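> Kindly return the folded structure for what I paste below:
(2 chains)
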Amino acid sequence: MTEHVLSNTAPTVGDIDTVNAREMRSHRLSVAFRYALLAGVGLLMLYPLIWLIGASFKTNSEIFANPGFWPKNPTLDGYIKGWKTSTPYSFGTFFLNTLWIVVPKVIGTAISCTAVAYGFARFEFPFKKLLFASLIATLLLPNVVTRIPQYLLFRDLGWLDSFLPLWVPSAFAGDAFFVFMLVQFLRAIPRDMEEAARVDGATTWQALIFIVVPLLMPALISVCLFQFMWTMNDFLGPLIYISSVDKYPVSLALKLSIDTTEAFEWNRVLAMSVLTLTPALAVFFLAQKYFIDGISSGGIKG
Amino acid sequence: MARLQLRNLEKDYGSFRAVHGINLDVEDGEFMVLVGPSGCAKSTTLRMIAGLERITGGEIRIGGELVNDKTPGDRGISMVFQNYALYPHMKVRKNLSFSMRLKRRPATEIAEATQHVSGLLEIDPLLDRLPKQLSGGQAQRVAVGRALIKKPQVFLFDEPLSNLDAKLRASMRVRITDLHKRLKAEGQQATVIYVTHDQTEAMTMGDRICVMKDGHIMQVADPVTLYNRPANTFVAGFIGSPEMNFLDGELEGESSFRTADQAIELGGDFASRLPGNSHRAVTLGIRPQHLRLAAAETPATLKGKLNHIEFMGHEVYLYVDIGPKRLIAVVPSAAYDRSALRDDWVWLSPDPRGVHLFDRQTGENISLAV
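Here you go, the predicted structure:
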C-alpha cells in the first residue's frame, strides 16, 4: 500500500512565493488580453464616428484623397461655412427650431404619459382591459400605416407647416411605448405609500405629484431621454409636416445642404452632422447616472 | 366623541363575500384589537374603516358621523402600515409633517407639532435622515409619529409590528400601549383599532379583542373574558398558548362525559348548568394549564399514556395520548416527578372550573349558561 503523503516537509515560504508569482503573472496576462480585445472591438465600432469628427476638419478635397481620420491641414472652414448655410438662415436658426420642437414635446410626453400610466396602473374603470389592450396594439402597428390618415387629419385642422402635428400627439400620450414602460414601472412600486398619502389627506392628484412622481423619477428621466433623442433624430415627421425653410429643424437642414448645392460641400455636411450629434450625446452622458440609480430607497424595503 | 360604529358592514370581491355584515362598536378612547388567522378579513375591515377599500354594504360611523362616502383624508383617521410606507424621498421631518403641509398649516405650527411628536417618540436625532437610513424599529416609530401628528379621532394599526424581530416587538408593544395611555391622560382622543394575527399582541395590548374568522366576528370581549369564557371552539382554540385541548364525546346523565374508551365525572356544578343535556354530542375543551397530574385513578380522572415531555424551566409540558387524541398538560416543574411514574401511564384530573363544553354541531360554548 502506498501512503498518500503530499509532502514530507512543510512548504517553505519560498515555495509559496513562487506559486503566488506564477498565478499573478497568468492573471495579468489574461487581463491584458481581455482589455486588448475589448479596446480593439470598441475602436472598430467607434471608428466611423471618429472618422466623421476627423473629416469635419478636413478640406473638401482631402476627404476623398486621405482615407485616414487625422486631417493633414486641419481647418475650421467646414464649420464656419456650414453654419452659414446656403439659405438666408444660419444653422443657429435650425437648432432653435429643433429645440422648439423637442422641449414642448418632451414636457408634454412626460406629463401625459405619467397621468395615463397612473390611471392604468392604479385605478379600476370600465373597459380598462380593452383600452389597455388597444394601447398595446398601437405599439405593434407600423408607423407608416397611420401617416396618411394623420396627414389628412392635420391638414383638415389647418395645422400643416406648424409644429402642432409634432407636439399634440405627444401631449396626449400618443407614444404608447412610454405609457407601457411607465405602467410596468408603476406596477413594481408598492401602493402603500400612495395609500399613506391618501390617509394623510392627499387627493389622487396630490398623491401622484408628491409621492408617485418622485418614485417614478428614474423611469421618467429615461422616458424624457428617449423622447429627446428620438425627436432630435426624427426626419420623417418634420419632412412631412413642415414646408417653410425657416421652420426646419437640424435633421431637415442637414439634408437641405446636400441637395441645394451643386457640388456637395462634404466637409460642411460632416461638420454640421458633428454639431447635430453633440446635444444628444451630451444629454445622454449627463443623465446616464439616473439610469443606474433605480429606486432602491428605504421606504420600499420590507 | 370618537366612537366608531360598524353596522352590517359587507365587502364582496366579485362573487366572493369577504366580510359578512359585521357589527362592532368601539368606544371613545378604547384600544380594540382585531385578531384572527390570515384570510379572516381583519385587514380588509381596517382598510374599509380607513376608506382605502370601497364597502359593498353597511355603514361606518366615526364620532356618530356617517363616513361611507368620505375620502380617507376627511375621515379623521390615521393609519400605521405594516411595512411603514414612509415616503422614501422625504426626510423624516418632511414625512412627519406631510399631512400638515398638505393642509397648508403655518410653518411655526408645523415645526412645533413635529418637535412635540418627535420628542414623544424619541426620534429627534433622526429628523434629518432619509427612511432608508433608519432601522426597522426607528422606521416604525416614524410611522407612528406620522399618524400621531394628525391628531386623528381614530388610529388604525395594520399589523405594525410583524416586520420587527421578537425582542423589538415586545418593546414596541409596551411603547404603543404606553403612548395610548399617555394620549388619553393628555385628553387627546385616542381610539385605536389594531389589527394583528398574533394572539399575544392581542391579549397584551387590547382593552377589548374582536376575534374574526372568515369575515365573521366570533366574539368581542376583554382579554380575561375571552380567555376564561370563550364563546365557541374557534375562540377557545385561537386564544391561549399552548392551544386548548379538545375531546369529542357525549354527555351521560347529568355531569358525566364519555369519550373513546373512558368516562369522566366532571364534578363541579355541571349538573345544574346543563340540565336536560344527557346524551348530547359535545366537545370538551380544557386548557393545558387546567389539567393536573393525579396520584391515582378516581372517577374524575382521565387515564392516558405519557408520550413526550418538554421541560420549559418553571413548567413542564406533558404530551399525553388518550385514545387516538393527544392532550397537552402544563404542570409546574415542582409538581412533576418523573421517577414517581410507573410505566408511562398517568392520570389527569381536569379542574372543573376550566372545563368547557361545546356543542359538536355549532361549536357554541353550552357551558357558559349560569
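> Which part of the stretch 1-150 of chain A gets nearest to chain B, residue-wise?
A:Glu124 (9.5 Å; Cβ to the nearest Cβ). In short, each C-beta sits where N, CA and C put it, glycine included.
> ok, that residue to B:Tyr13 distance?
For A:Glu124, the distance to B:Tyr13 equals 12 Å [Cβ to Cβ, to the nearest Å].
> And for whichever residue of the stretch 51-200 of chain B sits closest to chain A, the neighbour number?
Closest residue of the stretch 51-200 of chain B to chain A, Cβ to the nearest Cβ: B:Lys132 (2.4 Å). Counted with other Cβ atoms under 10 Å in any protein chain shown, the neighbours of B:Lys132 add up to 15.
> From B:Ile149, how far out is it?
Taken as Cβ to Cβ, the span from B:Lys132 to B:Ile149 is 21 Å.
> What of B:Glu112?
Taking Cβ to Cβ, one finds B:Glu112 at 10 Å from B:Ile149.
> ok, these two, which is more surrounded?
B:Ile149 (23 against 12).
> count of neighbours near the residue lying closest to that one once chain neighbours are set aside?
Counting by Cβ to Cβ, 6 or more residues apart in numbering or on different chains, B:Ile149 lies nearest to B:Val117, which is 4.9 Å off, once chain neighbours are set aside. By other Cβ under 10 Å, 23 other residues sit near B:Val117.
> same thing with the one 4 residues further on?
Residues lying near B:Leu121 (other Cβ under 10 Å) number 20.
> ok, now B:Val154?
With other Cβ under 10 Å as criterion, B:Val154 counts 25.
> thought it was touching B:Gly51?
No. Assessed by Cβ atoms under 8 Å, B:Val154 is found out of contact with B:Gly51, at 11.4 Å.
> one step back: I figured the residue of the stretch 51-200 of chain B closest to chain A was touching B:Tyr87, is that so?
No. Taking contacts as Cβ under 8 Å, B:Lys132 lies outside contact range of B:Tyr87: 11.3 Å.
> and A:Ile53, helix, strand or coil?
With DSSP: H, G, I helix; E, B strand; the rest coil as the basis, A:Ile53 sits in helix.
> So it versus A:Ser273, what's the distance?
10 Å.
> what's the answer for A:Pro190, then?
Distance from A:Pro190 to A:Ser273, by Cβ to Cβ: 46 Å.
> of those two, who's got more company?
Set A:Pro190 next to A:Ser273 and count neighbours by other Cβ under 10 Å: A:Ser273 wins out with 18 against 14.
> got the contact list for the more buried one?
A:Leu52, A:Ser56, A:Leu254 (Cβ atoms under 8 Å, 6 or more residues apart in numbering or on different chains).
> Pull out the buried members of those.
Buried members of those, counted by 16 or more other Cβ atoms under 10 Å in any protein chain shown: A:Ser56, A:Leu254.
> Find me the pLDDT at the residue nearest to B:Glu265 when sequence neighbours are not counted, would you?
Excluding the flanking residues, the one nearest B:Glu265 by Cβ to Cβ, 6+ apart is B:Pro299, at 4.2 Å. Here, the pLDDT recorded for B:Pro299 equals 86.
> isn't B:Pro299 right up against B:Leu266?
No. Applying Cβ under 8 Å, one finds B:Pro299 not in contact with B:Leu266, separated by 9.9 Å.
> The two - which one has more neighbours?
A count of neighbours by other Cβ under 10 Å puts B:Leu266 above the other of B:Pro299 and B:Leu266, at 23 against 10.
> quick one: contacts for the more buried one?
Contacts of B:Leu266 by Cβ under 8 Å, 6+ apart are B:Ser255, B:Ser256, B:Phe257, B:Ala300, B:Pro350, B:Pro352, B:Val355.
> Filter the residues you listed down to the ones in strands?
B:Ser256, B:Phe257, B:Pro350, B:Val355 (DSSP state E).
> dump the residue contacts of the closest residue to A:Ala171 other than its chain neighbours.
Spatially, and ignoring its direct neighbours in sequence, A:Ala171 is nearest to A:Gly108 (3.3 Å; Cβ to Cβ, 6+ apart). A:Gly108 makes contacts with A:Trp167, A:Ser170, A:Ala171, as judged by Cβ under 8 Å, 6+ apart.
> the helices in the chain, which residues?
All of this refers to chain A. Assigned by DSSP state H, the helices in chain A fall at A:13-55, A:60-65, A:77-84, A:91-122, A:128-140, A:143-156, A:164-171, A:176-187, A:192-199, A:204-206, A:213-233, A:236-241, A:250-259, A:266-293.
> think we crossed wires, I meant chain B
Counting by DSSP H, the helices of chain B are B:42-50, B:92-102, B:107-120, B:136-148, B:166-185, B:199-205, B:223-228, B:233-238, B:270-273.
> And the first one, what does it pack against?
Under the contact criterion of 3 or more Cβ pairs under 8 Å, 6 or more residues apart in numbering or on different chains; DSSP states H and E, the helices and strands touching helix B:42-50 comprise strand B:4-13, strand B:16-26, strand B:31-35, strand B:77-80, strand B:154-158, strand B:191-196.
> For A:Asp17, which of the ones you listed is the nearest?
strand B:77-80 (61.5 Å; Cβ to Cβ).
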